[in-house]
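[1] structure, please.
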Amino acid sequence: MMHTVQRTRLLFTRFYGAHPLHLLAMCFAAALVGYVVYVAGIETFWNRNVWWQSIAVWFAGAVVAHDLVLFPLYSLADRSLTSGMNALRGRSPRIAWTVSPLNYIRIPLMGTALTFVVFFPGIIAQGSESFTSATGLTQDPYLGRWLALIACFFGVSALAYALRLALSVGSGAESSTNHRRSM
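    Numbering: from 1, shown residues only. Modelled structure (predicted):
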């Protein structure tokens, strides 16, 4: 009985490309989106007077912009980072990282990109007159605060990497070399 269940799941995974729970989650997400559209009404997502201000148009544009522009760009950046790390390792064969630094660089870079996209109008002071009249504040601190946030991202990541490196060197690498020396 168990063999049949495992074989069926393996065939499903080979056909679908992912675990059956992935399909269940995707069906649930589609049902949730359908429910939201039903409850909110289609007129909420489509502006009849000015079509380009519709949520549906902006959503479709975001999907196209991400898939055709942003995904290739950050894939290229990630591939460049990986190739650069491999080139460093190739030039100096003495470098043998016990903990790869790639994720400790990737995560702050993703945070940098995301916060830049979110705070871009404030960083470049776009709409400063409207912002000042609405809030009574200026957009001057946006750039400095964004740069401080980015410095914190990379600082915390560097500390996490140093801690992870210290823990891995202290536990695994030293004990294995000491064990080899005693033999």
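[2] secondary structure element holding the residue nearest the centre of the chain?
    Geometric centre of the chain, nearest residue: M110, 5.2 Å, by C-alpha atoms, centre = their mean. Secondary structure from DSSP states H and E places M110 in helix 102-123.
[3] contacts for that helix, please.
    Residues from elsewhere that reach helix 102-123 (C-beta atoms under 8 Å, 6 or more residues apart in numbering): 74, 77-78, 81-82, 85, 126-127, 131, 139, 142-143, 146, 149-150, 153-154, 156-158, 160-161, 164. C-beta coordinates here come from the backbone N, C-alpha and C atoms, glycine included.
[4] list only buried entries from those residues.
    Buried members of the contacts of helix 102-123, scored by 16 or more other C-beta atoms under 10 Å, are 85, 131, 139, 142, 146, 150, 153-154, 157, 161, 164.
[5] format the residues you listed as TSV; extra columns: pLDDT and secondary structure.
    Listed next are these as TSV, based on pLDDT from 0 to 100; DSSP: H, G, I helix; E, B strand; the rest coil:
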residue	pLDDT	secondary structure
M85	82	helix
F131	85	helix
Q139	88	coil
Y142	91	helix
W146	95	helix
I150	97	helix
F153	97	helix
F154	97	helix
S157	97	helix
Y161	94	helix
R164	94	helix
